[in-house]
Structures are given as C-alpha cells and as structure tokens.
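1. Whatever this is, show me its structure:
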Amino acid sequence: MNIKLKKWVTTCISIGIIAFVSGYFVWNKPHADIKDADSIAITAVDLYKNFKSDPAKADALLLNKIVVVAGNISSVSINQNNQKVIFLKTSTEGAFVNCTMEEHINNFKTDDDISLKGKCSGYISGDADMGLPGDVLLIRCYLAKSDHTQWE
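-> Alright, predicted model coming up:
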C-alpha cells in the first residue's frame, strides 16, 4: 500500500471511531432532572394565553423550559404508553394544558386545583375550521414543590 492510501484509510477509521463514540455518549445522555430543576411558575390560563397571543415570544421564553403550572383539573386520561395525562382548564373553551405524568399519582380528581412541574414542549394548534382550539403540552410532569421562580 502506498503512503497516501494508508493516510486516507487511517483518517477514515479515526473519523468513524470519533463519530461512534460521540454518538454513543449523546444517545446515552441522561435526562434532565425535572423534579429538582429550577422552574418558572405560571398558571395554566396564563400559559395558554401566552402561546395564543404571541407564539414566538412564548417559544423563546418557555419552550423546552421547566415550568410549574397551577390550574384546575378538567379531566384525566391514559395515553398509549399507559401514562396519565392531566388536562388543566384554560380560559378558552375546549383548550387545555395537557400534562403527561412521569410519576403515578392517584389522589386527585376533576375540579381539583393542582400544581404540576414539567417540561414545556410547546403549543399544538387545533383546527379553526372545525372550531377546535389547540393545546399546550407539558411532558415528564411531577407534582410540584414550591422551588420555582415567578413568571414575569
């Protein structure tokens, strides 16, 4: 083998090893600890209003951030992953803040006031032609403690 070919093969193998190791560590990176993370406090009504009135600003301030949402339970369901989803009421009829629970809790019911801490994954628009408003989604939710900063 000539020297240029050996250099090329060595470079390709090195790049492949670096890519594999980097990918391995990114794939196995642990999830952020939501329970103990700093958070932004906001009501379900205000969270929904922020995404409806100024989606770009709400995305910049809240998307992928840890939030504590206080609200009134409209309903509870189970998703396809067997996780509880708590629907918090907003001031818009048929619109909710959907909170997918990470932990299993059973001591709540419709019309209870609750504070949940989770990661805001954004706003899913509804269908205006059918009169369906959108929803704000929170994932990996837990019952909230009072260790958050106030929404401004």
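2. chain center to the lengthiest helix in the chain, what's the gap?
-> For the chain, the helix with the greatest residue count under DSSP state H is helix 3-27. In this view, helix 3-27 has its centroid 35 Å away from the chain centroid, taken as C-alpha atoms, centre = their mean, to the nearest Å.
3. Next secondary structure after that helix?
-> strand 40-43 (DSSP states H and E).
4. next helix or strand past that following strand?
-> helix 44-53.
5. List the buried residues in that following helix.
-> 44-52 (16 or more other C-beta atoms under 10 Å). In short, each C-beta sits where N, CA and C put it, glycine included.
6. Check those and tell me the two furthest apart.
-> The largest distance within the buried residues of helix 44-53, taken as C-beta to C-beta, falls between Ala44 and Lys52 and amounts to 12.5 Å.
7. before we move on, back to that, identify each buried residue in the longest helix of the chain, please.
-> Buried, per 16+ other C-beta under 10 Å, within helix 3-27: nothing.
8. same thing with stretch 75-89?
-> Judged by neighbour count (16+ other C-beta under 10 Å), stretch 75-89 contains these buried residues: 76, 83-89.
9. Need the residues that contact it.
-> 44-45, 69, 71-74, 96-102, 104-105, 108, 110, 114, 116, 141 (C-beta atoms under 8 Å, 6 or more residues apart in numbering).
10. Which ones among the residues you listed lie within helices?
-> Judged by DSSP H, helices contain the following of those: 44-45.
11. What about the contacts of stretch 75-89, which are in strands?
-> Judged by DSSP state E, strands contain the following of those: 69, 71-74, 96-101, 114, 116, 141.
12. can I get those in CSV with distance to Ile15, neighbour count and pLDDT?
-> Listed next are the ones in strands among the contacts of stretch 75-89 as CSV, based on distance: C-beta to C-beta, whole Å; neighbours: other C-beta atoms under 10 Å; pLDDT from 0 to 100:
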residue, distance to Ile15, neighbour count, pLDDT
Val69, 45, 29, 96
Gly71, 50, 25, 95
Asn72, 55, 16, 95
Ile73, 53, 20, 95
Ser74, 53, 17, 95
Phe96, 48, 23, 95
Val97, 45, 28, 96
Asn98, 43, 18, 95
Cys99, 43, 27, 95
Thr100, 39, 19, 95
Met101, 43, 21, 94
Ile114, 51, 18, 93
Leu116, 45, 24, 94
Cys141, 41, 25, 94
